[in-house]
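In: Make a model of this:
(one chain, ligands or ions: 1)
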Amino acid sequence: MTRNSIHDLARELNESDEFVRTKIRFITIATVIGVVVALLMSYLELQHGAWFRALPAALFPLFAPPLVFHMYHGRRAYQQGLVGFAVLVAIQQILGAAVTLNDVEALIWFPIFPLTYVLLLGHERALRWNAVIMVFLCLGYALFPQINHGLNPLPLPLFGSALLAYAMSMLLSWQSHRELSYYHRRLYAQASYDALTGAMMREPGLEVLGRQMAQVDRRPESGLCVALLDLDDFKRINDEDGHLAGDRVLVEVAAALRGQIRQGDYLVRLGGEEFLLLFPGMGTDGAHGMSEQLRARIPEVTTGLSARPVTASIGLTRYRPGESVGQLLGRADELMYAAKTTGKNRICCEDAGGAEVGFALPGQTG
Ligand SMILES: Nc1nc2c(ncn2[C@@H]2O[C@H](COP(=O)(O)OP(=O)(O)OP(=O)(O)O)[C@@H](O)[C@H]2O)c(=O)[nH]1
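Out: Residues are numbered from 1 along each chain as shown. The predicted model follows:
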């Protein structure tokens, strides 16, 4: 891929333009400053003849500019760049700690590292990285006597305050991660489930259907049946009993359907008073028996909500490996339509081979 503008990259990354633009600019500016400072520090250490202390600082000018350059080249590159920076910071920190931990001044850098991980990796991953590095630092401090009993013994309170910075950062990350996952779950539920009936909404429902179909394509013996269920004369219920009564009917019907289907089956509200039921791993006979139970249950659970009994017409069919979602639902729709035109309150079912269409009258199996 050729070099993108930040705007294109942000769009490709599917994150907010503003967020990615700010983050990449921040990392670019920080890298320029970091390279200048690191070169200066390396030069000063070399002036004092301490080449081994110049090494950690020299790593940054060597690796950071190519990382920034790499980050501008697409989604994977951006993510790889962030992780690359985190690895660079970790190596520098561990190397730096190994050569300068008995220098009190070196400790002023410590609180910066946990925050760097939050910035680079986000709260969730920073939590893990900070925990691992904190464990390494503690082990290093406890196991290597030259660090804490060297010529300039490292004051424990200073080391403790560096660890405190890690702990604080981890606590804040944990809190933020919990909050974000809570809102993420809520947003997912709002975007996936219909607020009135609690059934899955059309788009996510069709995605699930696509996945189930792909599974049957891989293992045709597993099978998949779908039932398209449409309430009969629903407009009349609305007109005669009121829109609120119509809503109550939808709620009760959806609850009854959900209560009756197996775990692993799906209930999708395609729109209005039309529901799609997915029966993965079920043969036509099993799905027919289940649909018959559902059809019979609907007038029972809606008794008293409407002046006339509430019924449903169902088109039931089996997925034929290789066909499209449109073909499968089109066939289910035709069968449901056939059930409507032959008297309603019935199931119209295609046999397993798809050759014939049988009509199941109420209380009968087709
Ligand atoms: N109360 C309520 N009504 C809805 C909702 N969504 C759609 N509707 C109504 O559902 C009715 C559907 O009517 P039609 O598509 O004519 O179907 P029908 O009256 O059930 O007729 P058939 O399908 O032929 O049995 C319309 O009057 C819509 O306004 C909803 O969320 N709540």
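In: Sort out which residues of the strand or helix carrying Y182 are buried, please.
Out: Y182 belongs to helix 156-192 when assigned by DSSP states H and E. Residues of helix 156-192 classed as buried: 159, 162-163, 165-166, 169-170, 172-173, 176-177 (neighbour count, 16 or more other C-beta atoms under 10 Å). Every residue, glycine included, has its C-beta placed from N, CA and C.
In: now the helix or strand just after that helix: mean pLDDT?
Out: Per DSSP H and E, the first helix or strand lying C-terminal to helix 156-192 is strand 200-201. For strand 200-201, mean pLDDT rounds to 95.
In: now stretch 287-299
Out: For stretch 287-299, the per-residue pLDDT averages 96.
In: Any idea how many residues pack against L127?
Out: 22 (other C-beta atoms under 10 Å).
In: Where does the residue in the chain positioned nearest to the ligand sit: helix, strand or coil?
Out: Going by C-beta to the nearest ligand atom, the ligand is nearest to G246 of the chain, at 2.7 Å. Three-state assignment for G246 (DSSP: H, G, I helix; E, B strand; the rest coil): helix.
In: so which strand or helix has the residue nearest to V89 when sequence neighbours are not counted?
Out: Leaving out its chain neighbours, the residue that sits closest to V89 by C-beta to C-beta, 6 or more residues apart in numbering is T116, at 5.4 Å. Element membership for T116, per DSSP H and E: helix 112-143.
In: ok, now E300?
Out: helix 284-301.
In: strands paired with the helix or strand harbouring L228, and their directions?
Out: Element membership of L228, judged by DSSP H and E, is strand 224-231. Strand 224-231 pairs in its sheet with strand 274-280 (antiparallel), strand 312-318 (antiparallel), by DSSP bridges.
In: can I see the domain layout of the protein?
Out: Domain segmentation of the chain under automatic domain parsing yields 3-192, 202-359.
In: circling back: what is the mean pLDDT for the strand holding L228?
Out: The average pLDDT for strand 224-231 rounds to 97.
In: what does stretch 250-260 give?
Out: Stretch 250-260 comes out at a mean pLDDT of 96.
In: Give me the buried positions along that stretch.
Out: 250-254, 256-257.
In: Those: which ones sit near the ligand?
Out: L250 (C-beta under 6 Å from any ligand atom).
In: Can you tell me which of the buried residues of stretch 250-260 is closest to F26?
Out: A254 (48.0 Å; C-beta to C-beta).
In: Checking that closest one next. Helix, strand or coil?
Out: Applying three-state DSSP: A254 is helix.
In: So which residues on this protein come close to the ligand?
Out: Residues of the chain lying near the ligand (C-beta under 6 Å from any ligand atom): 196, 230-235, 238, 243, 246-247, 250, 272-273, 340.
In: And these, which of them are buried?
Out: 230-234, 238, 246, 250, 273, 340.
In: JSON lines please, covering those residues and showing distance to H184.
Out: Formatted as JSON lines, these follow (distance: C-beta to C-beta, whole Å):
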{"residue": "D230", "distance to H184": "34"}
{"residue": "L231", "distance to H184": "34"}
{"residue": "D232", "distance to H184": "39"}
{"residue": "D233", "distance to H184": "41"}
{"residue": "F234", "distance to H184": "35"}
{"residue": "N238", "distance to H184": "36"}
{"residue": "G246", "distance to H184": "33"}
{"residue": "L250", "distance to H184": "28"}
{"residue": "E273", "distance to H184": "31"}
{"residue": "K340", "distance to H184": "41"}
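In: where among the domains of the chain is the average confidence lowest?
Out: domain 3-192 (a mean of 76).
In: Next, the angle from the helix holding Y182 to helix 112-143.
Out: 130 degrees (axes from the mean of the first three to the mean of the last three C-alpha atoms, to 10 degrees).
In: what about helix 156-192, distance to the chain center?
Out: Centre-to-centre, helix 156-192 and its host chain are 18 Å apart (C-alpha atoms, centre = their mean, to the nearest Å).
In: Same question for stretch 238-247.
Out: 38 Å.
In: Could you do stretch 193-201 as well?
Out: Going by C-alpha atoms, centre = their mean, where stretch 193-201 is centred and where its chain is centred differ by 19 Å.
In: what does stretch 224-234 give?
Out: With C-alpha atoms, centre = their mean, you get 30 Å for stretch 224-234.
In: As CSV, could you dump the C-alpha coordinates of that stretch?
Out: Output in CSV follows, covering the C-alpha atoms of stretch 224-234 (Å, rounded to 0.1, in the frame of the first residue of the first chain):
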residue,chain,number,x,y,z
LEU,A,224,-30.2,-26.3,9.3
CYS,A,225,-33.9,-25.5,9.2
VAL,A,226,-35.4,-22.0,9.1
ALA,A,227,-39.0,-21.0,9.9
LEU,A,228,-40.5,-17.7,8.7
LEU,A,229,-43.4,-16.9,11.1
ASP,A,230,-45.8,-14.1,10.4
LEU,A,231,-48.7,-13.1,12.7
ASP,A,232,-52.1,-13.3,10.9
ASP,A,233,-54.2,-10.1,10.4
PHE,A,234,-52.0,-8.1,12.7
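In: Where does the closest residue to F63 other than its chain neighbours sit, in terms of helix or strand?
Out: Excluding its sequence neighbours, the residue lying closest to F63 (C-beta to C-beta, 6+ apart) is L88, at 5.3 Å. Using DSSP H and E, L88 falls within helix 75-100.
In: buried residues in that helix?
Out: Buried-residue list, helix 75-100, by 16+ other C-beta under 10 Å: 77-78, 81-82, 84-86, 88-90, 92-93, 95-97, 99-100.
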